[in-house]
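Participant: Just need the structure, nothing else, for what follows:
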Amino acid sequence: MNYRGSTGYGREYRQKLNGEWGIVDVDDCVCGALYLVERGEVDANRLAISGGSAGGYTTLCALTFRNTFKAGASYYGVSDTEALARDTHKFESRYLDGLIGPYPQQRQLYQERSPIHFTDRLACPIIFFQGLEDKVVLPNQSEAMVEVLRRKGLPVAYVAFAGEQHGFRNAQNIKRALDGELYFYSRIFGFELAEPVEPVEIENLS
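Facilitator: Okay, the predicted model is just below:
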């Protein structure tokens, strides 16, 4: 899906699906994936979701609050909306006011909509890509999620890039991330790659 994030297209909790309130973007992804499953075009047991920044938030929410996808890749994704509101730089500092509500007045909502507070629901492998100089979504957002999956014994990989900020700029790092995501899926879903790529370390992979 074409998630435009902080350019004004992002959407939050506004939709009810199967009797439960959910994130519109998450349920759009879920419904799209299930539609392809119903058409017989994809394997329901090999569904993956990937996204960066706000799309990374959608990815982490989909993997935490829904059970449709079997693996995912988060590129500098938001796992804690409260931390984003509190810690990000001034340009993005009021971005969430229109999506969730003013902070700290609506602190409870921020916590309810943060995957990091519902990691007991996580049950699938995730790979994380993070720029260590990111001032929008700080590295500790990815690192907290990595630690949770590590403790739960779920397959997890963390690829950090020194010098990269919010959105990778270096061509080698972009290629490394794309190759790493593909490699991760090949190990999780058990398929052979057409060409070898540089592997990434995957913890808890049996």
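
Participant: the helices in this structure, which residues?
Facilitator: Here the chain has its helices, by DSSP state H, at 24-38, 54-65, 81-87, 107-112, 139-152, 171-189.

Participant: Pull out the buried positions in the fifth one.
Facilitator: Within helix 139-152, the residues scored as buried using 16 or more other Cβ atoms under 10 Å are 139, 141-142, 145-146, 148-149. C-betas here are computed from N, CA, C, even on glycine.

Participant: What average pLDDT does it get?
Facilitator: For helix 139-152, the mean pLDDT works out to 97.

Participant: related to what we said a few turns ago, what's the closest of the buried residues of helix 139-152 to residue 169?
Facilitator: Distances from residue 169 to these, taken as Cβ to Cβ, are shortest for residue 139 (16.4 Å).

Participant: For that closest one, list the residues it contacts.
Facilitator: The contact partners of residue 139, taken as Cβ atoms under 8 Å, 6 or more residues apart in numbering, are 130-132, 160.

Participant: try it again with 7 Å
Facilitator: 130, 132, 160 (Cβ atoms under 7 Å, 6 or more residues apart in numbering).

Participant: Quantify the burial of the last one by counting its neighbouring residues.
Facilitator: When neighbours are counted by other Cβ atoms under 10 Å, residue 160 registers 15.

Participant: Report pLDDT for it.
Facilitator: 98.

Participant: which residues sit in contact with the closest residue to residue 34 other than its chain neighbours?
Facilitator: Excluding the flanking residues, the one nearest residue 34 by Cβ to Cβ, 6 or more residues apart in numbering is residue 68, at 6.5 Å. By Cβ under 7 Å, 6+ apart, residue 68 lies in contact with 30, 33-34, 47.

Participant: CSV for those residues, including pLDDT and neighbour count?
Facilitator: Putting these into CSV (pLDDT from 0 to 100; neighbours: other Cβ atoms under 10 Å) gives the following:
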residue, pLDDT, neighbour count
30, 94, 21
33, 97, 19
34, 96, 14
47, 98, 21
